[in-house]
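>>> here is my input, please return the structure:
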Amino acid sequence: MLRRVRQNINRHGMVEQGSKVLAAVSGGPDSVALLHILYLLKEDLGISLHVAHLNHMFRGTESEEDAAFVADLAARYDLPATVRSIDVPSYREQSRVSKQAAAREVRYGFFIDTANQAGASKVALAHHADDQAETVLIHFLRGAGITGLKGMLPVRQNFFIRPLLTVRRAEIENFCNEMNLPFRHDPSNFKPECGRNRIRLQLMPQLEKEFNPGIVRSLLRLAEICRDEDCYLEEQAGEFFQNALLVSEKDRVSLCLENLQDMPPAILRRVLRRAWQTLTGSPRNLDFQHSEAVLGLIRSAGTGARAVLPGDVFAVRNYSEIILIKGLEKIETPYFICPLAVPGETFIPELGCTICAAEVSAGYMKGPKELPPEEALLDFDKLPPRIFVRRRQEGDVFNPYGQASPIKLKDFFIKQKIPRAKRDRLPLVSTPGEIIWVGGIRTGEKWKVDGNTKRMLHLRIFPAQAID
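Below is the predicted model of the structure:
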């Protein structure tokens, strides 16, 4: 066991001579074995140790007993220890995440803080081969690609290390028994309540028994292959990203559209994730559906089309670039004006939407007040031969339906509580001098349908992609 763990540490360059390692010890057999092995190897590796334990406060007295056990264990090894209690159940309620996600967020934050305070350059985690196999299988069931199937990394961010990642759970338990190492059992690990526990307790044994006795080793091999291929593809994606990058600012990343269109899909998805991570600083990848939405912009969408991404980020297609931008209010809508096809469809690339216009009879099934905001009915015979659609301009005046006199369009927007970020994105159907319809908000009084109306013009806005 010592030889294999030492080989794994050396193979991945997990520690350096003279470094301090924070050993994360929960009190279970895995972490107790990890602490004992690191203690036996510390002279050979040239490292010092500091023990860390977090009481998540999920199991009351049992959690307190685990904390006391780890504190006593560290004292027996004559090692410094940091044992802390954090109310993770309360944190979970505030953050509205799952029990597992809340525990993980708090735990890793605790490890980072404790390592900084203790002067440790690495945090040793007790994940083992069975944990790795379960992780790969979980990612497979979720439909992950190579990046997910590589599983947990032996070394992450040159900070978190996993010396036991090639050792089976049964081997660890046998090691503890042979070395007479005391440990604690967490009863929650044996309850098939969360997805990982069901995979550990139900699916993995069935796969091992009925399909492949070596399933764990097979999944470890898959993880290693995916890890190497993912590393290579990431290197390639880095070069492609730099070649396509036009602008990288605090609130905006711009990529050359022509370069993106020439990339293989396997590289393109990674380049898009890099752009998103560059903008947001988040280590998490884009979900598949978000990547596909941006791919849709690159492949076939018109100028001005948009896609919504996590973290208040929007992807916008312009004539020669794809722009990722933080916050909708930062997306600039250029001035435009074009004839409205009556009847017909008019695509507005600056807004990424289409206005459909059709003549309907006075007996149309719905009245103007029954229509949703994106639709309007106008008196066809009151309209001039040519009408247009445009963006608002400074000084625009509008006579809203139901009001006797016109007002400034700006004041109308304020009264309607239209956010500033949306005002330039509302299509204005107009004559050369008057606004007929503020698209999605209200028609003009002069063009309203009344008892004398014989023909009506039905207008409807079809957004290329919802952005709210």
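
>>> output the lowest mean pLDDT helix or strand found in the chain.
helix 420-423 (a mean of 79; mean pLDDT, DSSP states H and E).

>>> now for the helix or strand just after that one, which elements pack on it?
As assigned by DSSP states H and E, the chain's next helix or strand after helix 420-423 is strand 428-430. Applying 3 or more C-beta pairs under 8 Å, 6 or more residues apart in numbering; DSSP states H and E, one finds that strand 428-430 contacts strand 388-390, strand 435-438. Any C-beta I mention is one placed from the backbone N, CA and C, and that applies to glycine too.

>>> quick one, phi/psi of the closest residue in space to L409 that isn't next to it in sequence?
Spatially, and ignoring its direct neighbours in sequence, L409 is nearest to D396 (3.8 Å; C-beta to C-beta, 6 or more residues apart in numbering). D396 adopts backbone torsions of phi -60, psi 140, taken as degrees, to the nearest 10.

>>> number of nearby residues for D396?
As a burial measure, D396 scores 19 neighbours (other C-beta atoms under 10 Å).

>>> same check, this time on the one 4 residues further on
Taking other C-beta under 10 Å as the neighbour definition, P400 ends up with a count of 19.

>>> just checking, it touches K446?
No - counting by C-beta atoms under 8 Å, P400 stays clear of K446, with 10.4 Å between them.

>>> any idea how far the most centrally placed residue in the chain lies from V253?
In the chain, the centroid-proximal residue (C-alpha atoms, centre = their mean) is L286; its distance is 4.8 Å. According to C-beta to C-beta, to the nearest Å, L286 stands 13 Å off from V253.

>>> then R317?
Distance of R317 to V253, given as C-beta to C-beta: 14 Å.

>>> can you check R11 too?
Using C-beta to C-beta, R11 is found at 36 Å from V253.

>>> neighbour count for the two, which is higher?
Legend: neighbour count by other C-beta under 10 Å for R11 and V253, higher for V253 (25 against 10).

>>> backbone phi and psi for that one, please?
Residue torsions, per degrees, to the nearest 10, at V253 are phi -130, psi 130.

>>> any idea how the protein splits into domains?
Per automatic domain parsing, the structural domains of the chain span 2-224, 249-330, 337-463.

>>> the ones you listed: which one's closest to C231?
Smallest distance to C231 across these (C-beta to C-beta): 8.6 Å, for domain 2-224.

>>> and the average pLDDT for the closest one is what?
Averaged over domain 2-224, pLDDT sits at 93.

>>> one step back: specify the local secondary structure of the residue nearest to the centre of the chain.
With DSSP: H, G, I helix; E, B strand; the rest coil as the basis, L286 sits in coil.

>>> now the helices and strands packed on strand 428-430 in a markdown table, with mean pLDDT, distance to V136 and mean neighbour count?
Formatted as a markdown table, the helices and strands packed on strand 428-430 follow (pLDDT from 0 to 100; distance: least, C-beta to C-beta, whole Å; neighbours: other C-beta atoms under 10 Å):
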| stretch | mean pLDDT | distance to V136 | mean neighbour count |
| --- | --- | --- | --- |
| strand 388-390 | 95 | 53 | 20 |
| strand 435-438 | 95 | 54 | 25 |
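
>>> which other helices and strands does the lengthiest helix in the chain contact?
As assigned by DSSP state H, the longest helix anywhere in the chain is helix 215-244. Packing partners of helix 215-244 (3+ C-beta pairs under 8 Å, 6+ apart): helix 129-141, helix 146-149, helix 204-210, strand 252-256, helix 257-261, helix 265-280.

>>> about what we covered before: quick one: the residue nearest to the centre of the chain and G143, what's the gap?
Relative to G143, and taking C-beta to C-beta, L286 is found at 14 Å.

>>> what do you get for T280?
23 Å.

>>> swap in Q242?
Taken as C-beta to C-beta, the span from Q242 to G143 is 29 Å.

>>> more neighbours, these two?
Each of Q242 and G143 has its neighbours counted (other C-beta under 10 Å); Q242 has more, 11 against 8.

>>> pLDDT score for that one?
In this model, Q242 is scored at 97, pLDDT.

>>> just list the residues touching the spatially closest residue to R252 that is not a sequence neighbour, thanks.
Spatial nearest neighbour of R252, chain neighbours left out: I325 (4.9 Å); criterion: C-beta to C-beta, 6+ apart. Taking C-beta atoms under 8 Å, 6 or more residues apart in numbering, we find I325 in contact with D251, R252, V253, L279, V313, F314, V316, I331.

>>> okay, the domains of the chain in JSON lines with distance to G238 next?
What follows is the domains of the chain, written out as JSON lines (distance: least, C-beta to C-beta, whole Å):
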{"stretch": "domain 2-224", "distance to G238": "14"}
{"stretch": "domain 249-330", "distance to G238": "7"}
{"stretch": "domain 337-463", "distance to G238": "30"}
